[in-house]
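Undergrad: can you look at this prediction? I've put the sequence above it.
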Amino acid sequence: MTTPKVGRSLPEYLSGEEAAGLIEAPSSATPLGLRDRAILELLYGAGLRVGELVSLKLADFEAETSMLRVQGKGRKERIVPIGTYAKRAVGEYLERAYDRLGGTEWLFVNCRGGKLSARAVEQMVQKYAGLVLPGRKVTPHTLRHSFATHLLERGADLRSVQEMLGHSSLSTTQIYTHVRTAKLLAVYNSAHPRAK
């Protein structure tokens with residue numbers, strides 16, 4: 001006897017305005033605020049998993065090419081483009097805060113200069129989400145889902161999103177097609193004379 005397939009739930013994601021509000025929540029007046037903003041920019045701007053983010057080394061950030069070398073699941077390496085906002089935030093963090101935090105080889109360090117833990121990043125995301133998005137459950141993975149959702153909403157092809165997310169199978173990335181389906185339905189309902 002075979003068991004029935006369990007459907008996947010749709011991932012939670014933030015709107016563009018919610019993501020921007022969360023990213024802009026940290027203060028740029030403190031070293032930790034600069035670090036936190038750079039982290040939020042990369043989680044959303046590059047679609048990183050929290051484990052990938054905390055494993056980044058200084059040498060993995062290529063400012064000249066606006067690329068990031070990421071060690072994904074199964075120790076697979078991929079190159080991910082980063083946008084202007086993320087590049088600027090990481091640059092400001094490295095210029096104004098990194099040495100003050102006692103940084104070594106890791107791109108993101110804790111207040112003692114050691115490697116930042118995934119748990120610390122999760123707590124940091126929850127802290128800022130509590131300030132700007134009260135009542136919403138936001139995790140680092142929510143930013144990854146938002147990254148993929150917003151790319152697809154704006155016309156990115158599924159294969160490119162798969163590559164950026166580091167998914168080995170296209171079927172894993174297809175969960176994000178809910179955006180296209182919902183958007184198509186909304187357009188159909190608003191435009192077709194016999195839709196309703």
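TA: That came in fine, so what should we check first?
Undergrad: rest of the way, CA atoms for contacts and neighbours
TA: Noted.
Undergrad: what's the weakest-modelled helix or strand in the chain?
TA: helix 170-173 (a mean of 57; mean pLDDT, DSSP states H and E).
Undergrad: beta partners of the residue nearest to Pro81 when sequence neighbours are not counted?
TA: Nearest residue to Pro81, sequence neighbours excluded (CA to CA, 6 or more residues apart in numbering): Met67, at 4.5 Å. Met67 has these beta-bridge partners by DSSP bridges: Glu62, Pro81.
Undergrad: who's in contact with Met67?
TA: Phe61, Ile79, Val80, Pro81, Ile82 (CA atoms under 8 Å, 6 or more residues apart in numbering).
Undergrad: the last one - how many residues pack around it?
TA: Around Ile82 there are 22 other residues, counting by other CA atoms under 10 Å.
Undergrad: tell me the contacts of it?
TA: Leu42, Gly45, Ala46, Ser66, Met67, Leu68.
Undergrad: recalculate using a threshold of 10 Å.
TA: Applying CA atoms under 10 Å, 6 or more residues apart in numbering, we find Ile82 in contact with 41-42, 44-47, 61-63, 65-68, 88.
Undergrad: please, a PyMOL command that selects the buried ones among the residues you listed?
TA: In PyMOL syntax, the buried subset of those is picked out as below (16 or more other CA atoms under 10 Å):
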select buried, resi 41+42+44+45+46+47+61+67+68+88
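Undergrad: for the contacts of Ile82, which one is nearest Arg119?
TA: Using CA to CA, Leu42 comes nearest to Arg119 of the contacts of Ile82, at 16.6 Å.
Undergrad: thought the closest one was touching Gly91?
TA: No: counting by CA atoms under 10 Å, Leu42 stays clear of Gly91, with 11.8 Å between them.
Undergrad: overlap in contacts, these two.
TA: Common neighbours of Leu42 and Gly91 (CA under 10 Å, 6+ apart) are Tyr85.
Undergrad: okay, and for this protein, where does confidence drop off?
TA: 1, 3-11, 167-185, 187-188, 192, 194-196 (pLDDT under 70).
Undergrad: on that earlier part again, most widely separated two among the contacts of Ile82?
TA: It's Tyr44 and Thr65 that sit farthest apart of the contacts of Ile82, by CA to CA, at 18.8 Å.
Undergrad: so how far is stretch 100-110 from its chain's centroid?
TA: 20 Å (CA atoms, centre = their mean, to the nearest Å).
Undergrad: swap in stretch 55-64?
TA: 16 Å.
Undergrad: what residues does Met87 make contact with?
TA: Careful, residue 87 is Lys; it's not Met. Contacts of Lys87 by CA under 10 Å, 6+ apart are 38, 41-42, 45, 61-64, 66-68, 81, 93.
Undergrad: adding distance to Glu18, write the contacts of Met67 out as TSV.
TA: Shown next, in TSV, are those (distance: CA to CA, whole Å):
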residue	distance to Glu18
Phe61	26
Ile79	27
Val80	23
Pro81	22
Ile82	20
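Undergrad: pretty sure Thr142 sits against Leu43.
TA: Yes: checked against CA under 10 Å, the pair Thr142 and Leu43 is within contact range at 9.1 Å.
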